[in-house]
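Trainee: model this:
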Amino acid sequence: MLRARILAPAAAVLAVVAVFAATAGRGGEDITRARLERAIGPTFANLYVQRAAILGKPGVTVASVGATASCDRGGPKVPDTGPGPDWICMITFTDDRGQRQEGKFEVQAHADATYVAGGPSKLVGTATITDTHGNDVPNPAFEFDGAFDPDS
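Mentor: Residues are numbered from 1 along each chain as shown. Model (predicted):
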């Protein structure tokens, strides 16, 4: 009877560990180039529109920004899947002056289908920008995080 009381909790712990191990490994396989590209372009466009509004530049819309991304993980010899800090996404977009731009964004993709991206300050500005009231505020397009659908 004592043995049954000890084995039951141990079996429950093993079951939880097995489920965690099965789902933990799955996250890396769900991170793909296509999923990251589909997520980062629209996220950047939305944040660039917010940046333009802060700076008082009217007429900048998600459609006018038209951001697209082309991502790569670690070069030609590394598969474009899985989590890691070695993703690079080239984002092409139209800036608030109507000029087509392309910038290299360093991306950290996480196993939980989230990412953090940072771009070149020469294209998106510094970490803080001055709003129309003269206040220094965070630049939403400087460094941003987002998520992607791991099942899409």
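Trainee: give me the distance between the closest residue in space to Arg33 that isn't next to it in sequence and Asp72.
Mentor: Spatial nearest neighbour of Arg33, excluding adjacent residues (Cβ to Cβ, 6 or more residues apart in numbering): Asp80 at 3.8 Å. To be clear about C-beta, it is placed using only N, CA and C from the backbone, and glycine gets the same treatment. Asp80 sits 6 Å away from Asp72, going by Cβ to Cβ, to the nearest Å.
Trainee: okay, and the common contacts of those two?
Mentor: Taking Cβ atoms under 8 Å, 6 or more residues apart in numbering as the criterion, Asp80 and Asp72 both touch Arg33.
Trainee: now the strands: where do they sit in the protein?
Mentor: Using DSSP state E, the strands assigned to the chain run over residues 68-73, 84-94, 100-109, 114-118, 128-130, 136-138, 143-147.
Trainee: what helices or strands is the third one leaning on?
Mentor: For strand 100-109, the packing partners by 3 or more Cβ pairs under 8 Å, 6 or more residues apart in numbering; DSSP states H and E come out as helix 33-54, strand 68-73, strand 84-94, strand 114-118, helix 121-124.
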